[in-house]
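# got a predicted structure plus its sequence, pasted below:
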Amino acid sequence: DIQMTQSPSSLSASVGDRVTITCRASQTISSYLNWYQQKPGKAPKLLIYAASSLQSGVPSRFSGSGSGTDFTLSISSLQPEDFATYYCQQSYSTPRTFGQGTNVEIK
Amino acid sequence: QVQLQESGPGLVKPSQTLSLTCTVSGDSIRSSGYYWSWIRQHPGKGLEWIGYIYYSGSTYYNPSLKSRVTISVDTSKNQFSLKLSSVTAADTAVYYCARDRDGYTFDYWGQGTLVTVSS
């Protein structure tokens, strides 16, 4: 199985901050990398697919980059509704695997 | 608007079989290029992909659960189902169904249903 490792596991930030989350795959996955946002008690929501493509309806302050083994999710200006847990997920091979999550908290 | 809704018992006894159904609306489960997945999340933990089915009946299961999992589809009802046998407390989790676009991206999810394994 491909292991996905996110860093940091949690972070504290203020509204308006730029936030960057990193995801590393245990082997190359080309650009087969997706990002999801999950709020407490809710299902994950797709933000970014194929490493850098913005899902329809997702604000443009979210962006993704990377290929191979190293990827980043950036939020250009953190908004109150962005405080949540973020997961990366590889779709290069089965079984599909997720990172352990990054919890973005209010500073 | 595509919607998925999980249904099934919220409490299952150890050693029994967990059974859940996902009803899809706003899209045909026979749509080309879409797979239909089950994903679970242990309380306070990360996400674990269980497996998927294509409308033709083709399946793929996570090897970690393969010996206990069966996913089936009922195209006439626009539903797909999960059966997980010989459950233990370690199978207590929120179970999600999701649409898997082109086999690469989970673009629509159900709200999730908590299944507790306890006597």
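Looks like it arrived, so ask away.
# quick one, strands of chain A?
Secondary structure of chain A (DSSP state E): strands at A:4-7, A:10-13, A:19-25, A:33-38, A:45-49, A:53-54, A:62-67, A:70-75, A:85-90, A:97-98, A:102-106.
# residue contacts, the residue positioned nearest the centre of chain A?
Closest residue to the average C-alpha location of chain A: A:Trp35 at 3.9 Å, with C-alpha atoms, centre = their mean. Neighbour list for A:Trp35: A:Cys23, A:Leu46, A:Leu47, A:Ile48, A:Phe62, A:Gly64, A:Leu73, A:Tyr86, A:Tyr87, A:Cys88, A:Gln89 [criterion: C-beta atoms under 8 Å, 6 or more residues apart in numbering or on different chains]. Every C-beta, even on glycine, is put in place using the N, C-alpha and C of the backbone.
# turn the residues you listed into a markdown table, including neighbour count.
Shown next, in a markdown table, are the contacts of A:Trp35 (neighbours: other C-beta atoms under 10 Å in any protein chain shown):
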| residue | neighbour count |
| --- | --- |
| A:Cys23 | 29 |
| A:Leu46 | 22 |
| A:Leu47 | 21 |
| A:Ile48 | 25 |
| A:Phe62 | 19 |
| A:Gly64 | 23 |
| A:Leu73 | 26 |
| A:Tyr86 | 25 |
| A:Tyr87 | 25 |
| A:Cys88 | 29 |
| A:Gln89 | 24 |
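# out of those residues, which comes closest to B:Ala90?
For those, the closest approach to B:Ala90 (C-beta to C-beta) belongs to A:Tyr87, at 20.9 Å.
# surely the closest one is in contact with B:Lys45?
No - between A:Tyr87 and B:Lys45 there is no contact, the gap being 11.3 Å when judged by C-beta atoms under 8 Å.
# so the most centrally placed residue in chain B bridges to which residues?
Central residue of chain B (C-alpha atoms, centre = their mean): B:Trp38, 2.8 Å from the mean position. Counting by DSSP bridges, B:Trp38 forms beta bridges with B:Gly51, B:Cys97.
# got a pLDDT number for it?
pLDDT, B:Trp38: 98.
# what does A:Leu54 give?
98.
# now the residue nearest to the centre of chain A, nearest residue through space, not along the chain?
A:Ile48 (4.1 Å; C-beta to C-beta, 6 or more residues apart in numbering or on different chains).
# which residues touch that neighbour?
When contacts are counted by C-beta under 8 Å, 6+ apart, A:Ile48 touches A:Asn34, A:Trp35, A:Leu54, A:Gln55, A:Val58, A:Phe62, A:Ser63, A:Gly64, A:Leu73.
# ok, those vs chain B, which is closest?
Nearest to chain B, judged by C-beta to the nearest C-beta, of the contacts of A:Ile48 is A:Asn34 at 5.4 Å.
# you'd agree the closest one is up against A:Leu46?
Yes - the pair A:Asn34 and A:Leu46 qualifies as a contact (C-beta under 8 Å) at a distance of 6.5 Å.
# which neighbours do the two have in common?
B:Thr105, B:Phe106.
# tell me which parts of chain A are close to chain B?
Taking C-beta under 8 Å from any C-beta of the partner chain as the measure of proximity, chain A contacts chain B at A:1, A:32, A:34, A:36, A:42-46, A:49-50, A:55, A:87, A:89, A:91, A:94-101.
# out of the residues you listed, which are buried?
The neighbour count (16 or more other C-beta atoms under 10 Å in any protein chain shown) marks A:32, A:34, A:36, A:43-46, A:49, A:55, A:87, A:89, A:91, A:94-101 as buried among those.
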